[in-house]
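Engineer: this one's sequence-less:
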């Protein structure tokens, strides 16, 4: 744990234990979403499903990257991940992105994907609001993840016919906003 880091964040008026709980909940959401998106992506079949598959893959890989980027900050602030994966799953800040009953209907899968992203947008907005002007490192990390989660939501919402997203499929590397936290 970086003791000075934790103290500076506390002195800025942030309840560090609450922040760490939020970060752990989001890390759990990211890792479990990576897992569930693997299952969802496999079931994106047929003409419509194949068109969504590469975007679902980008979101899946970026969620894994979000998990990897969150872990160091959790430990820097004196937190830790649960020792048991089932416990970790159950503290997730978002509900599981389970495969819908009609497991080959691309629209049903899209609804699961977009709702997972909407939950993530709410979670990272909360962390940004909590840390803005008080904890620049956590704020910068949460804001970077938020940028990518908003893009994911936009991609999936566009496929559901909710309007144009204004975003394009990733060209090159994934995680354009979060990649600096992975080095």
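Structural biologist: Cool, got the structure. Please read all numbers here as calculations on a predicted model, not as lab measurements.
Engineer: so who does residue 10 touch?
Structural biologist: Counting by CB atoms under 8 Å, 6 or more residues apart in numbering, residue 10 makes contact with residue 16. Every C-beta, even on glycine, is put in place using the N, C-alpha and C of the backbone.
Engineer: Could you check which helix or strand contains it?
Structural biologist: Per DSSP states H and E, residue 10 falls inside helix 3-11.
Engineer: What average pLDDT does the next helix or strand after that helix get?
Structural biologist: Using DSSP H and E, the helix or strand that directly follows helix 3-11 along the chain is helix 16-42. Averaged across helix 16-42, pLDDT comes to 97.
Engineer: ok, back up a step: just the angle for the helix holding residue 10 relative to helix 16-42, thanks.
Structural biologist: 100 degrees (axes from the mean of the first three to the mean of the last three CA atoms, to 10 degrees).
Engineer: Give me the distance from helix 3-11 to the chain's centre.
Structural biologist: Distance, stretch centre to chain centre, for helix 3-11: 25 Å (CA atoms, centre = their mean, to the nearest Å).
Engineer: Repeat that for stretch 49-67.
Structural biologist: On CA atoms, centre = their mean, the centre of stretch 49-67 falls 11 Å from that of its chain.
Engineer: cool, stretch 148-161 as well?
Structural biologist: Worked out by CA atoms, centre = their mean, stretch 148-161 lies 13 Å from the chain centre.
Engineer: For residue 163, give me the backbone phi and psi.
Structural biologist: Per-residue torsions, residue 163: phi 120, psi 170 (degrees, to the nearest 10).
Engineer: Use 9 as the first number from now on
Structural biologist: Yes, from this point I'll number from 9; that puts the last item at residue 171.
Engineer: now it: how far from residue 28?
Structural biologist: Going from residue 171 to residue 28 by CB to CB, to the nearest Å gives 37 Å.
Engineer: ditto for residue 11
Structural biologist: In terms of CB to CB, residue 11 sits 14 Å off from residue 28.
Engineer: Which other helices and strands does whichever strand or helix holds residue 136 contact?
Structural biologist: Assigned by DSSP H and E, residue 136 belongs to helix 114-139. Packing partners of helix 114-139 (3 or more CB pairs under 8 Å, 6 or more residues apart in numbering; DSSP states H and E): helix 24-50, helix 54-84, helix 144-167.
Engineer: in the helix holding residue 18, what's buried?
Structural biologist: 13, 14, 16, 17, 18 (16 or more other CB atoms under 10 Å).
Engineer: mind giving me CSV with those and columns for distance to residue 73?
Structural biologist: Formatted as CSV, the buried residues of helix 11-19 follow (distance: CB to CB, whole Å):
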residue, distance to residue 73
13, 22
14, 25
16, 26
17, 24
18, 28
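Engineer: roughly how far is stretch 107-127 from the heart of the chain?
Structural biologist: For stretch 107-127, the distance to the chain centre is 16 Å (CA atoms, centre = their mean).
Engineer: Good, we can wrap up now.
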